[in-house]
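Visitor: What follows is a predicted structure for the sequence shown.
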Amino acid sequence: MRSLLAAKLGCLLGLLLLPLLCGLLPARLRGAGPHGRWRSFVGCVAGGIFLAACLLDIVPDSLADMREELQSQQITVDFPFPEFVLTVGFLLVLVIEHVVLDCSERQAGEATPLLSCAEGPPQPADPAEWVVETGAHHFPVAFQAHSSFRSFVLFLSLSVHALFEGLAVGLQDAESKVLQICMAILVHKSVIAGSLSLLLLQSRVSACCFVALIGTFALMSPLGMAVGIVMTQNPGPSSTMAQCLLEGMAAGTFVYITFLEILPHELNSPTCRLPRVLAMLLGFSAMAALRFLG
């Protein structure tokens, strides 16, 4: 029992430090100049990673968990309830975003609806000018669409998912299972942390907010793992159904952000179309390979 607890605590520390490091390193790309073109392609790689994480990991896992829980509770309904929960999460973000945009339509940069076509001055021919920094005097429309609110919604969705990933590790009762699941989550979360960091850098968030969001995201899996450890040490009433509901809604928000925010934002450039698509396919293939290897 002590060796199992020691393994969990070691995994908890790893799940905190490595994703935190991977999330903070891309902050060195904030500079303008030659880094702009390179960072734009890295953003497309990140888009492919989020596409794979959405369709191959988060959505199928949440649907499978919900169906399994309904079956274990012997609940039979002639209605696609897991898909309904996912759609509720999708619509929740849609409604909240448009309420916020409607209330702040006079504020520049936040009033452009996500689904609208790009309007305004043409984008610069040089991708190096796409770099967004606090205090810059020019913001192309495509980057204004990457609002701070949407970045926060993405952060919230990923954080909820990371919380449940950590909870899954903390609830294991075998040391081998703890190490196996932790290694998979560690690779997955580190890649996601780097991608989230790049997308936050493309938003108009301050340096303090950036560090706070990345730090909070890094803490989510260890927090969930700590809750799981406490639950195994002190068994109590199960709240699996509530967990499945929250995870399903988080998956819905992830679908919204992936398909209506990240991919349109990264691919909505008239220049370097094929290299951008290839970069997105590279990110998708990398995450798909990790998923295939378990």
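Guide: Done, it's in.

Visitor: So which elements touch the one helix or strand Met220 maps to?
Guide: Assigned by DSSP states H and E, Met220 belongs to helix 207-233. Using 3 or more Cβ pairs under 8 Å, 6 or more residues apart in numbering; DSSP states H and E as the contact criterion, the elements in contact with helix 207-233 are helix 2-24, helix 148-170, helix 175-201. For every residue, glycine as well, the C-beta is placed using N, CA and C.

Visitor: Mind putting those helices into CSV with distance to Phe41?
Guide: Shown next, in CSV, are those (distance: least, Cβ to Cβ, whole Å):
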stretch, distance to Phe41
helix 2-24, 18
helix 148-170, 20
helix 175-201, 11
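
Visitor: Out of these, which gets nearest to Ile262?
Guide: helix 175-201 (6.8 Å; Cβ to Cβ).

Visitor: if we can go back for a sec, give me whichever of the helices and strands packed on helix 207-233 is most buried.
Guide: helix 148-170 (a mean of 22; mean count of other Cβ atoms under 10 Å).

Visitor: Check which residues of the helix holding Met220 are buried.
Guide: 209-211, 213-214, 217-226, 228-229, 232 (16 or more other Cβ atoms under 10 Å).

Visitor: Buried ones in the helix or strand following it, by neighbour count?
Guide: Next along the chain after helix 207-233, taking DSSP H and E as the criterion, comes helix 240-257. By neighbour count on 16+ other Cβ under 10 Å, the buried set for helix 240-257 is 243-257.

Visitor: And for helix 240-257, what's in contact with it?
Guide: Identification of contacts with helix 240-257 by Cβ atoms under 8 Å, 6 or more residues apart in numbering yields 50, 53-54, 58-59, 61-63, 65-66, 69, 72-73, 82, 85-94, 150, 153-154, 156-158, 160-161, 164, 167.

Visitor: how about 7 Å then?
Guide: The contact list for helix 240-257, computed with Cβ atoms under 7 Å, 6 or more residues apart in numbering, reads 54, 58-59, 62, 65-66, 69, 73, 82, 85-90, 92-94, 150, 153-154, 157, 160-161, 164.

Visitor: and what of stretch 179-188?
Guide: Taking Cβ under 7 Å, 6+ apart as the rule, stretch 179-188 contacts Ala7, Cys11, Gly14, Leu15, Leu18, Glu165, Ala168, Val169, Gln172, Ser221, Leu290, Gly294.
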